[in-house]
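In: Whatever this is, show me its structure:
(chains A, B, C and D)
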There are 4 protein chains.
Amino acid sequence: MTIADIPELRELDTRRNLIRIPDQLDVPLTRRVRHLIDTPEFRRLANISQLGLVGLVYPAANHTRFEHSLGVYRMALLYLKQLAHDERFAAAVSPADAEVFLVAALLHDLGHWPFCHPIEDIHLPGVPQHELFANSFLLEGEIADALREDWAIQPRDVVTLLSEKPRDTRSSILKSLLSGPIDIDKQDYLVRDSLHCGVPYGRNFDQQRLIGSLCLNKAGAGLAITDKGRTAAEMLVFSRYVMFSEVYWHHAVRSATAMLQRAFYLLYDALDLDQLFRLSEQRFIDALRQAAAMGPAGDLLAGLFGPTRRLYKRVAELSFFQNRELYEKIARRPYPWLAACAEELANSLSRQLGKRIAPHEVLFDAPPVKREVEFQIEVCFAKEGVYRDFAEISPVVETLARRQFDDYVKRTRVFVHPRIAAEVRELAAVEGLIREAVERTAA
Amino acid sequence: MTIADIPELRELDTRRNLIRIPDQLDVPLTRRVRHLIDTPEFRRLANISQLGLVGLVYPAANHTRFEHSLGVYRMALLYLKQLAHDERFAAAVSPADAEVFLVAALLHDLGHWPFCHPIEDIHLPGVPQHELFANSFLLEGEIADALREDWAIQPRDVVTLLSEKPRDTRSSILKSLLSGPIDIDKQDYLVRDSLHCGVPYGRNFDQQRLIGSLCLNKAGAGLAITDKGRTAAEMLVFSRYVMFSEVYWHHAVRSATAMLQRAFYLLYDALDLDQLFRLSEQRFIDALRQAAAMGPAGDLLAGLFGPTRRLYKRVAELSFFQNRELYEKIARRPYPWLAACAEELANSLSRQLGKRIAPHEVLFDAPPVKREVEFQIEVCFAKEGVYRDFAEISPVVETLARRQFDDYVKRTRVFVHPRIAAEVRELAAVEGLIREAVERTAA
Amino acid sequence: MTIADIPELRELDTRRNLIRIPDQLDVPLTRRVRHLIDTPEFRRLANISQLGLVGLVYPAANHTRFEHSLGVYRMALLYLKQLAHDERFAAAVSPADAEVFLVAALLHDLGHWPFCHPIEDIHLPGVPQHELFANSFLLEGEIADALREDWAIQPRDVVTLLSEKPRDTRSSILKSLLSGPIDIDKQDYLVRDSLHCGVPYGRNFDQQRLIGSLCLNKAGAGLAITDKGRTAAEMLVFSRYVMFSEVYWHHAVRSATAMLQRAFYLLYDALDLDQLFRLSEQRFIDALRQAAAMGPAGDLLAGLFGPTRRLYKRVAELSFFQNRELYEKIARRPYPWLAACAEELANSLSRQLGKRIAPHEVLFDAPPVKREVEFQIEVCFAKEGVYRDFAEISPVVETLARRQFDDYVKRTRVFVHPRIAAEVRELAAVEGLIREAVERTAA
Amino acid sequence: MTIADIPELRELDTRRNLIRIPDQLDVPLTRRVRHLIDTPEFRRLANISQLGLVGLVYPAANHTRFEHSLGVYRMALLYLKQLAHDERFAAAVSPADAEVFLVAALLHDLGHWPFCHPIEDIHLPGVPQHELFANSFLLEGEIADALREDWAIQPRDVVTLLSEKPRDTRSSILKSLLSGPIDIDKQDYLVRDSLHCGVPYGRNFDQQRLIGSLCLNKAGAGLAITDKGRTAAEMLVFSRYVMFSEVYWHHAVRSATAMLQRAFYLLYDALDLDQLFRLSEQRFIDALRQAAAMGPAGDLLAGLFGPTRRLYKRVAELSFFQNRELYEKIARRPYPWLAACAEELANSLSRQLGKRIAPHEVLFDAPPVKREVEFQIEVCFAKEGVYRDFAEISPVVETLARRQFDDYVKRTRVFVHPRIAAEVRELAAVEGLIREAVERTAA
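Out: Okay, here's the model as predicted:
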């Protein structure tokens, strides 16, 4: 048996038992795949939106982690189909390994809870990584049973591939397909998020050519591309930049994000996180709002999830190229510092405007502590038999990775409650007040 | 002031204050439009899916009535922009009338409750029409206030346009834009449902050409098209047929629909419909499941909305061209008759299989009492100055309208609980049993 | 060796040696395929446009038979890949047979000469069928050599498949893939012509689903589809109808066609057809214009190919539903009759307008003698194990095939030289004059 | 009268008299526009391909300058429609000025001759700039008459706008729409070339948003964009880079280009350029081949335009990042130097291989003398009322403009006749021979 004989790969070709997802993609569902997606643990993803708060700004962006997971699984099939033709890949990865990878692709988001990324970004103690959180869903219950019975796969092997450091060539290769500069996750979400937002940004990076150029790196231990895929890979990197600029870090999306983060920050001591993170999105919201009651967090949550949408307004935006010095004082600070700083600003605004402004009515949003990963991947020049670093042969990728991404896309912004936005905007010296607040806040 | 001066039409051209919806459509939001869509009544539509149970079969089809309403509003702008160049239209419809139409387009789905169409289709006493149900949202509350203040429109005028028979030329024209063979609703939903389902069917009917061909009919009292738009209109009719065939009447969608209809039929006496129909989709489901508790309806609802998807299986399908006689005995019967007939079949299956099959474990699905509207619209042959009926010049439209639609797409099907599906399918004589059940059921 | 091992099918999967054609299709070119397309005989197709005179109306429609042939070859790969999974197909068609089919697909248009279809439509003695004309290119020269050396194929076998009646099951199957209701030719040209014309009509018939439904008919001797492909096949039939309506039988395209046909009719006695039909498009035009010199044919050709486009104008249009009786008197008449009738009309117009109108200044265009083929294909209902005729289960296909196509799309039109168009249009009684001309013309 | 009242802008809205070009664009043709495009001078563009030799590599890329000109004219309408809402634009540009611009947009390529760009790139004495060459077509003949009669425009004003330095604010603005980083030419050709090549690269830069962001620069004397269009503009710049990388500077395209350049270089002394440049593409090729006869240029031209395609093969490729030193010695050298250097290399290859290699059998291709224009445009931050240089706020644009474009995309390559390619490739020391040839060639 070879990789090409894996039933799911065969069905891709015979076009049987297909299910359709946008945009006009056929996903082959064998009986054993259907069994996995019909479990409660996987079905739960149908009630968790892929983009969370983005839907408040792009009204059609309410696609689910369920749909995305099917897309990633399909992309895994395409990667396997392509790499099966690579001798080194076929030597290192057995059909059984490939099946573990396939299952891992399908189940990679199992541990996602609602609004997972904004919550992880503030790095509070006690909040698990969603990759680790997934383990409880994988190691016991219906999914574990199905893996053992239908696939002859030990659930632990899937967990290992998804959430541990690779310990051998085989797992190092497979891990690089799941997570890396040109992984199956990005290949799906850039396109899918673009489609549902209704924007052209992440759709056009010549996916078929990129897939056609997949190979292994010089060491034979990770994904690389041939020079035929160089431009397509540059397009993917660029697409990702644009999606961050226009969607994920859209100023109104960041306002909503800042509101949710503050509410969670105010509440999390009182929450049973392990239970909370198992809920569907609506139940999750219900639980937060119940915990928040009529307090400040309740006010923030009502603006996001109440009968009327009421987002905080931007009163200042600091960018790397406009206000570099002040920008750098705020970017990548820990969340508690940002909250304290916002409170300082709320106090001085209270004085300036001559009325009480509650601490939670002022929010700072800034690039998180952790920088985005850089684009380290090798490009194989087949004719010359040479591997080069992508950034070495592509100044544009180097620029996007090192400069444009974290410093230009991710701005530092100050948002305030809409009831005071007009007044704050009229203050001549907002930037000065921000500067003072920053300086007054202990490091 | 002319129609072209309506602020929303102007913003369409200046490309200011746009919001994006798939696929890459820019919707201009003036302040007064934004005010309307930020009301709780309109915001509620963001929590009601456009296609309801279709999402159980096409996993990406969870777009909302909110998104669709924005799409219809945009289409209203395009219709107005085009028809403003038609002298008879401009003479009959004042800018103020056009604004009422615009608001009606935006708000046309305000009275939709979750799973509205399947519930309406079974024609139970006490279930209002959703168009009438909308009136309570329109005539009082924030929307009514906004209409009066921002638009100088009497809410009653919007209600009249949306839910009453037109009494003059002006309202007859505007009504035909909202509801008719080539209305703004269809123009949006065919495309939008296709996009989100991931299918090509409803996307390609040359919308720009169809819009470019809009004119008034001979009497000057309703929408028509010029012969330049004839083929595009045929394509729209054909697209709609395919969408019904492959999506709205997909056999698994019909299984889910039959399950929900039976559950609602079992429960509705005990429900406070007026309160129920004001809920968002998740709350609506919660309310139904609470009312159903552990009874038969609860079992049906668990298959649809429980942690695991568990749809009833098709054991028989009767079509016009295969089993015409039996098909015609079942099609277009009232729902209580269908339920009684299913119970008869459950009884005989119990006997055949030698085990108890509960009445709710067998479901009949059949074309509803009311046939789909035919495609009556006039086509203007400008050169000859003649208006002809669409069906007269297009045999294909006549065929789709009169024969293919209700008789070929809408099949009669029998579904059973998955626990007994295999056994029932093995019975040689299922069709005979169905025939007997039909004959035993009193008319 | 199996069909899947044919090198071209393997390259489709490994994505090597691809060439790109619209829209974003990768065509795998093995060395032996590249050898074929680099021959002078095949390269000649790069200088023959696919749609000929359509480019005078849709200015971007100047794609070539070369591009189309690559598209058909790619479609042949997809058909083979799919049908290789069908047991009966694999039993009847050996890999060697499949290679003959592949080559036949690539070379199917080799005998096309410029403006082939309009010239064939008038059925003049001495004009060969282009399928037969191809034989001279296939049986000797570089292509014949390449077939023998690179493919171990006898050129005669390709000729047999392309231009003779099938004599056994195997060739009957393969022939049905090349020519039939759902053949690889239509699958390519509908999409490709739409793309280059810039219209949406022929692009959206769910090609992937149609291909996924391919199977053999009941007798195992020809292509059929499963019921999963029924709607997609209806869409293809409908797309073809729309393309005929809006492109191939566009009134201005028909004016140009009628001009070329008349010119050719006037000239063909004096032409060396065998030599003429071997030329590229520009040389073909040059040769015609040289033969025509300053005579009537020269005038017609100058309007089509001279420095300025100058098409004849429509002065009457008779359709099946408007002027059925007169329409039926003209439709499907032999070309010499049409030319004689036009001369009669020219004479009476001369009298009416009091100035000489030359015979070639009046043109009749009418549906050709031969009706379009009907859509006879079987649909396999796999669950019930039944095959049904497509038209039986699809009224819309029956309508398109039997009624709408030849009678509604293909109109009878009269065109005149632009210098007299205004005057002729002002005559009250054009239709009467046409009627008289028809009656005066001997049968 | 305002700009919005220009008949062509009105027809854009009323959707009358449209002609279609890919992809699904409607171009409004008023009678006076139709008159212009039906002149012999404009009609000539229907026989000149947009991309010339690219069609030898991307077989569908045979779209014409005629189609492109219609696309640019439509884009001019969209620019005018948008900028008409800008107060400063409306104050500086009268409707009459706007009409001159419109005509200039339509006619901007009138002076293009076949293979214009490769021929201009080698900067031979006596070869005119195509912009100036156009003047003879504009200032006399049918176009000049039509401009005066139908448009009340002096042909000289169109010539001035198209080919002279702007002398006032008005012409400075209009010139920047025709030629600059975000001009109407690029907006059309990037998309159109992508479509016809079948590649995704130049299609997706959010054209509607870019157009929606058009404004004037700080000085009010040229095109700028608002910050809303920043990302879309980055996408356009990036798209252009990818098109150069994958299409315009594709290695096989460059081989064909080098062949044509050498042939022209060998022939041009003997050619009547003024007459030659007025021909259509086929006649142009005929004239070159006739002049070349059986000599070296004839051999080169036969490989491009003969019955069989026979491109020279790449035997060396020097890039900025691989062989920087050698690369820089060859890049941007005058063409005669390159030809001399190739001859040196031919000589040493003759010695190495022990057989005569003719000078024209070795070709050097290198970035031309003139660097591509940088992307200097201002971005208006409306909220702050500040204008910034694009490169200042976008490192990625700066990188593309300054580094990636000329140094990474445009490689230096050596091509040889296919009859010796295999032998040359086997020589160990090709790079050394190139180095010696470079050093031996006088500066």
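In: I'd like to know how far the residue lying farthest from the centre of chain A sits from residue A:313.
Out: Computed with CA atoms, centre = their mean, the residue of chain A farthest from its C-alpha average is residue A:354, at 41.5 Å. From residue A:354 over to residue A:313 the distance is 20 Å, taken as CB to CB, to the nearest Å. From N, CA and C alone the C-beta is placed, and that goes for glycine too.
In: next one: residue A:387
Out: Counting by CB to CB, the separation of residue A:387 from residue A:313 is 50 Å.
In: check which helix or strand covers residue A:135.
Out: Under the assignment given by DSSP states H and E, the secondary-structure element containing residue A:135 is helix A:130-139.
In: With residue A:369 instead?
Out: Take DSSP H and E as the rule and residue A:369 turns out to sit in neither a helix nor a strand.
In: Make sure it is actually in contact with residue A:120.
Out: No. Contact criterion CB atoms under 8 Å: residue A:369 and residue A:120 do not qualify, at 11.1 Å.
In: immediately after the helix or strand bottoming out on mean pLDDT in chain A, which helix or strand?
Out: Per-element confidence for chain A was summarised using mean pLDDT, DSSP states H and E. The lowest value among helices and strands belongs to helix A:130-139, with a mean of 86. Using DSSP H and E, the helix or strand that follows helix A:130-139 in sequence is helix A:142-151.
In: For that following helix, buried residues please.
Out: Neighbour-count burial for helix A:142-151, counted by 16 or more other CB atoms under 10 Å in any protein chain shown, picks out A:142, A:143, A:144, A:146, A:147, A:150, A:151.
In: In contact with the residue in the stretch 301-443 of chain A positioned nearest to chain C, which residues are there?
Out: Each residue of the stretch 301-443 of chain A has a distance to chain C, by CB to the nearest CB, and the smallest belongs to residue A:382, at 10.9 Å. If you count contacts by CB atoms under 8 Å, 6 or more residues apart in numbering or on different chains, residue A:382 has them with A:226, A:227.
In: what does chain A put close to chain C?
Out: Residues of chain A found near chain C (CB under 8 Å from any CB of the partner chain) are A:13-16, A:18, A:24, A:26, A:81-82, A:85, A:208, A:211-212.
In: And the furthest pair within these?
Out: In the residues of chain A next to chain C, two members sit farther apart than any others by CB to CB. They are A:24 and A:85, at 25.5 Å.
In: Can you tell me the element the residue most central in space within chain A falls in?
Out: For chain A, the residue sitting closest to the mean C-alpha position, by CA atoms, centre = their mean, is residue A:117 at 6.2 Å. Using DSSP H and E, the secondary-structure element containing residue A:117 is helix A:116-121.
In: From the chain's centroid, how far away is that helix?
Out: Using CA atoms, centre = their mean, to the nearest Å, the distance from the centre of helix A:116-121 to the centre of the chain it belongs to is 9 Å.
In: list the buried ones in it?
Out: Judged by neighbour count using 16+ other CB under 10 Å, the buried positions of helix A:116-121 are A:116, A:118, A:119, A:120.
In: okay, now residue A:432: neighbour count?
Out: For residue A:432, the neighbour count with other CB atoms under 10 Å in any protein chain shown is 11.
In: for residue A:61, same thing?
Out: Counted with other CB under 10 Å, the burial measure for residue A:61 works out to 28 neighbours.
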